[in-house]
Structure formats: structure tokens, C-alpha cells
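>>> below is the sequence, then the predicted model.
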Amino acid sequence: MATQDLPDRTTTAFDVLVVGAGISGIGAGYYLQREHPGRSFAILEAREASGGTWDLFRYPGIRSDSDLHTFGYEFKPWRDEDAIAGADKILAYLRETAAEHGIDHRIRYRTRVVAASWSSADARWSVETEDTATGERTTLTCNWLFAAAGYYRYDEGFTPHFEGRERYRGTLVHPQHWPEDLDVTGKRVLVVGSGATAVTLVPALAGTAAHVTMLQRTPTYILPLPAQDKVANTLRRVLGEERAYRLTRRKNIAQAQAVWRLCQKYPKAARRVIRRTNSRLLPPDYPVDEHFNPPYNPWDQRLCVVPDGDLFRAIRHGDASVVTDRIATFTENGVLLASGRELEADVVVTATGLNVQAMGGIALGVDGREVSLADTVAYKGMMLSGVPNFAYTIGYTNSSWTLKVGLLCEHFCRLLAHMDGQGFDTAVPVVADPAMPTRPLLDFGAGYIQRAIDRLPRQGDRAPWLTSMNYAADVKLLRHLPVTDPELRFSTSTAAGAAGSTGTGAGAGESNDAMGTAPATREVTA
């Protein structure tokens, strides 16, 4: 799209507003532009740069823990030889994608969405934004609001309370706020945590630090994977970029789904395979069961990937070690453990996780009623009961995030096309049975999810209220099955001057309760 066709920066009214210019927001912009070139949209980004996670985190060694042939976009081949790639390469890929399709011109930086209020009569969102540099408030309007901001807070990582932390005389840092001038050369480093961030940091720091210790309360399942996909690189040389990417993507999707299904169906066998793999890469007589044998089953929490077994290599070479214990208190020189052992450290890194923030932390309201996310139910993993013309993206927890995002964006565009064809301007999911049993949105044991579970939407016990983590099932639901559903109500606002009698179901003047009754719009029979 030519630059002159783009909306002026002073424009305040849009068809769609996308919140977040990370991997999900850029993807949403691409699909909107491709499928609905006549629709006006903008991407609102609170920070001063695009790229989301891949621009925010600056800690040593930051990389993907999914292969880039599936973590990358379906429409944009990943051309680098590294399948498990560093943040610099991922960020370049994202920004190249945005530039190639003119999406970068759609982004409004330093624009944080504070609140959004829906009017059923107008079929419009009034979106209050704040300039993060000046604090100036501006109101934008749109017909659809699309939250593509992930599920964690960008301005604050999670650090639990540690007794005596103020006594510590060394350097204390959280990976989400890594200082540019931090040099660990020749220093003793203690990394607190055992998730993806910790297992990335330990081998990255071990190259220059005197020694790195990973302190964990509970072991994590860790799998070594080749940093380069030899099959993918061979196919690229033989078949060219496009065909090789399509085939590699299918191969890797199938492999990841097969591993997940096998872990779900045969957890004991999966535990044995992972333990045997770890044991083979660790020093002889290493206490594998103490440090690498979690008490839960594989995929109850996300498996951590280490490219080319770099964590195990650092341990084998004596540059890193693992301690499984709990911190009793910080001391002047490090930490005192529950076992009575003291670990001295010049630098302590609290790789203790994220603070979950659903829907970008936006305060939502519908016709003057505040929306409590915990009282809503997720529809097809992309909309919320009782909240009209609002979509969001949350990717897979058991596979590459972007696989789900791409399907959701496709489905969203199909939904817009259906509404255009039928003359509707409003769509709202409505739970037919308010007594339907619900469960947490993400059936996932990670600590950062469990800490916020009571503030997140719920999911139901049946379609379309399930949040699927099954790619094959989602391809069928989101790409091939109709966008219509008896529990998705379409209507035309009174402001649009819709003709025709009110159809069955909720009509003007009906209540809009927390479980998702239809809004007060004039419903049109499809």
C-alpha cells in the first residue's frame, strides 16, 4: 500500500485498532491489510520501538525456545540457518516483515491504551490513550478493538519477596530490566530460577563469569535441540526458500504435536526418555534425579529447550552448576539456603518470571458497565462473552506462539468479511447456558499463570467456549469451519439506521450480564 493511502497521524477514527506492535500485532496488521485493504486501522504501541518481547528483553543469550520455521509467520519464510535463533535475528525478521508490507507506517509509538468503552448504539469503541512521553491523553474510536499485547506486563517483571534482600551488597538484577553496563567477567553469578530465561542465561554467562550457579526450587524438564535444522537447510538449497519453508513448517508442526501428544498419553515413558537424554549429556555420576527430574509430568508446564545442549555443556565443563534448594534469606555476600548452605555471589539474577497482565491491562467497559475479565468466558480463544467487537490473541503454550496467532488473525478477517456481507456491524459472544461449568483459561502449571488465574477470563467445557491448544483442531475450527455459531450474536446498531424487524434472541433493551448476554443493539436476522 502506498504511503499516501495511509491514514494521517491526526486521524482519530478507525475501523480497527490493534494494541501492540510485537509479533502478534505485526501479524494482525498483515492479515488485515491483505484481506481487508479498504479498512482503516492503526497499531498502537506503548513503547518507542516495535518488536515487543524481542526488543524489550536485552539479557545475554536471549533467544527463542521454539523453532523459527513455526514461530515465524506462515506468509514470511525464515531464511536464517539457525532454527533456534537469538533476539537480534528475530527482531530483524519482524521489522523486515513490517517494512516490506508498509505495516511500520501504521504504528503509533508511545501510545498506551488506558481504557476502552463500547457504545452499542453507535457500534463504536472509544479508546482512551496516553502519550507515554508527555502524559497527554487522546481519545480514538474504532468499530473493532484487537488486543495483540500478549499476556505479561512490559514495565515490571516478577520478583518474589526474599527475606533480607536489603542486606545484600552485590548486584541484584531482573532479566526484564538488564543493565546495559553490567559486566560479569570474572564474577560469581547466581541465577535464581529454572525456567526458559534461567536456562538461557546460565550458558550465556558461563563463558565469561568465574562461575554460574542456577538455584531452583523445583527442577524443570529440559530438552536439547539442534540450533540448526539440517533438513530445513538442505531443503532450502534444493527446493528454494518458499517450498522449503512450507515443507519444513509442516514437518516441525507435526513433530511438535506428536511429542506433545506422546507426553500427554504416555507421561511415564516420556519422563524416562527425557531423563535418559539429560543423563547422557551430564557428567558421570551426576545427581540427575535431584536436579533434572521434576515432580510433575512433561507438559504440565512448558518444556525448556537448550540449543545444542549448551546448558549441559556448561555443567560438564565445570563453568556452571545447579543447586536445588530454597532461599531462607539473603546475606551480605549471597544467599543462605534452607539446608543451611550459603551461596556467595557477586551478582544475583532473579529469573523468577513474569507479571501477567491480560488484554494489555486495558480497562474495558460496555454501555457504562465495567467488564470484569474473570467473569467473562473465552469464545474460540479469541473473543470474550458479553464484550462486543473485541478480539485478542494468546498463542500456544505447548507449541510455537505464532501458530495460533496466525489462525486467529485469519478467522478474525473471515468474521469481518461475513459481517460485511450480511450488513452487520456488531458481533458479541453469548453463553447460552449461564450454568455452564468453567475452568481456567490456561490449564497450565507455570507459576506466572497460577499467580494471576483469578484475574483471567475462564473457558467452558464445550465448543465454542474451549481454548484449544491443539493445532490440528484449530486449523479445522478457525480456518475451515464457518465463522457463524448459535452463540455468536450479530446485529446492526441503531446508529447505522438498520432496517427490518428485530429477530429472535436478545434485542434492544435487554440486560448485558457478566456471563455474556447480548448488548442493546438492534439485532438483524441473518
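Yep, it's here. Numbering: from 1, shown residues only.
>>> ok, now which ones touch F390?
Contacts for F390 (Cβ atoms under 8 Å, 6 or more residues apart in numbering) come out as W118, W125, W144, L145, F146, A147, L364, M383, L384. To be clear about C-beta, it is placed using only N, CA and C from the backbone, and glycine gets the same treatment.
>>> give me the subset of those lying in strands.
Using DSSP state E, the subset of the contacts of F390 located in strands is W118, W125, W144, L145, F146, A147, L364, M383, L384.
>>> got the contact list for G164?
Contacts of G164 (Cβ under 8 Å, 6+ apart): T329, F330, T331.
>>> out of these, the closest to A21 would be?
Closest to A21 out of the contacts of G164 is F330 (38.0 Å), distances taken as Cβ to Cβ.
>>> now Q450: how far from G360?
21 Å (Cβ to Cβ, to the nearest Å).
>>> no, scratch that, I was asking about P486
30 Å.
>>> more crowded one of the two?
G360 (21 against 9; other Cβ atoms under 10 Å).
>>> in a helix, that one, correct?
Yes. Checked against DSSP: H, G, I helix; E, B strand; the rest coil, G360 lies within a helix.
>>> I figured it hits V18, correct?
No. Using Cβ atoms under 8 Å, G360 is not in contact with V18, being 10.6 Å away.
>>> quick one: the spatially closest residue to E290 that is not a sequence neighbour from R137, how far?
Excluding the flanking residues, the one nearest E290 by Cβ to Cβ, 6 or more residues apart in numbering is T324, at 5.6 Å. Counting by Cβ to Cβ, the gap from T324 to R137 is 49 Å.
>>> same check on Q257?
Taken as Cβ to Cβ, the span from Q257 to R137 is 46 Å.
>>> neighbour count winner among those two?
The neighbour count for Q257 versus R137, taken as other Cβ under 10 Å, is higher for Q257 (18 against 11).
>>> any idea which helix or strand carries the more buried one?
Here Q257 sits within helix 241-265, counting by DSSP states H and E.
>>> circling back: can you lay out the contacts of F390 as JSON lines showing distance to R169 and pLDDT?
Formatted as JSON lines, those follow (distance: Cβ to Cβ, whole Å; pLDDT from 0 to 100):
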{"residue": "W118", "distance to R169": "53", "pLDDT": "98"}
{"residue": "W125", "distance to R169": "51", "pLDDT": "98"}
{"residue": "W144", "distance to R169": "53", "pLDDT": "98"}
{"residue": "L145", "distance to R169": "48", "pLDDT": "98"}
{"residue": "F146", "distance to R169": "48", "pLDDT": "98"}
{"residue": "A147", "distance to R169": "43", "pLDDT": "97"}
{"residue": "L364", "distance to R169": "45", "pLDDT": "98"}
{"residue": "M383", "distance to R169": "51", "pLDDT": "98"}
{"residue": "L384", "distance to R169": "48", "pLDDT": "98"}
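>>> just put these in JSON lines and tack on distance to E344 and neighbour count.
Formatted as JSON lines, the contacts of F390 follow (distance: Cβ to Cβ, whole Å; neighbours: other Cβ atoms under 10 Å):
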{"residue": "W118", "distance to E344": "56", "neighbour count": "26"}
{"residue": "W125", "distance to E344": "54", "neighbour count": "24"}
{"residue": "W144", "distance to E344": "55", "neighbour count": "26"}
{"residue": "L145", "distance to E344": "51", "neighbour count": "27"}
{"residue": "F146", "distance to E344": "49", "neighbour count": "27"}
{"residue": "A147", "distance to E344": "45", "neighbour count": "28"}
{"residue": "L364", "distance to E344": "48", "neighbour count": "21"}
{"residue": "M383", "distance to E344": "52", "neighbour count": "27"}
{"residue": "L384", "distance to E344": "49", "neighbour count": "26"}
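>>> please convert the residues you listed to a markdown table, extending it with distance to D308.
Shown next, in a markdown table, are the contacts of F390 (distance: Cβ to Cβ, whole Å):
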| residue | distance to D308 |
| --- | --- |
| W118 | 50 |
| W125 | 47 |
| W144 | 44 |
| L145 | 42 |
| F146 | 38 |
| A147 | 36 |
| L364 | 45 |
| M383 | 41 |
| L384 | 42 |
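>>> just the closest of those residues to G309, please.
A147 (37.5 Å).
>>> wait, doesn't that closest one sit right on Y392?
Yes. A147 is within contact range of Y392, at 4.0 Å (criterion: Cβ under 8 Å).
>>> what's the overlap in contacts for these two?
With Cβ under 8 Å, 6+ apart as the test, A147 and Y392 both reach M359.
>>> in this structure, what helix or strand scores lowest on average pLDDT?
When each helix and strand of the chain is scored by mean pLDDT, DSSP states H and E, helix 447-450 comes last, with a mean of 66.
>>> show the subsequent helix or strand relative to that helix.
Downstream of helix 447-450 (by DSSP H and E), the next one is strand 458-459.
>>> what mean pLDDT does that following strand have?
Taken as a whole, strand 458-459 has an average pLDDT of 94.
>>> which residues touch that strand?
With Cβ under 8 Å, 6+ apart as the test, strand 458-459 has contacts from A374, T376, V377, A378, G381, T438, R439, P440, L441, W465, L466, T467.
>>> now for F292: which residues touch it?
Contacts of F292 by Cβ under 8 Å, 6+ apart are P219, I222, R275, N278, L282, V322.
>>> show me which pair in these is furthest apart.
Most distant of the contacts of F292, by Cβ to Cβ, are R275 and V322, 14.6 Å apart.
>>> the more surrounded of the two?
V322 (23 against 16).
>>> now do the helices for this structure: every range, in order, please.
Along the chain, the segments classed as helices by DSSP state H run 23-35, 53-56, 68-71, 87-100, 196-206, 230-239, 241-265, 267-281, 288-291, 310-316, 401-422, 447-450, 471-474.
>>> could I get those as TSV with distance to R110?
Converted to TSV, these look like this (distance: least, Cβ to Cβ, whole Å):
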stretch	distance to R110
helix 23-35	15
helix 53-56	14
helix 68-71	27
helix 87-100	17
helix 196-206	27
helix 230-239	38
helix 241-265	35
helix 267-281	45
helix 288-291	44
helix 310-316	37
helix 401-422	24
helix 447-450	27
helix 471-474	34
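>>> confidence-wise, which of the ones you listed is weakest overall?
With a mean of 66, helix 447-450 has the lowest mean pLDDT of the helices of the chain.
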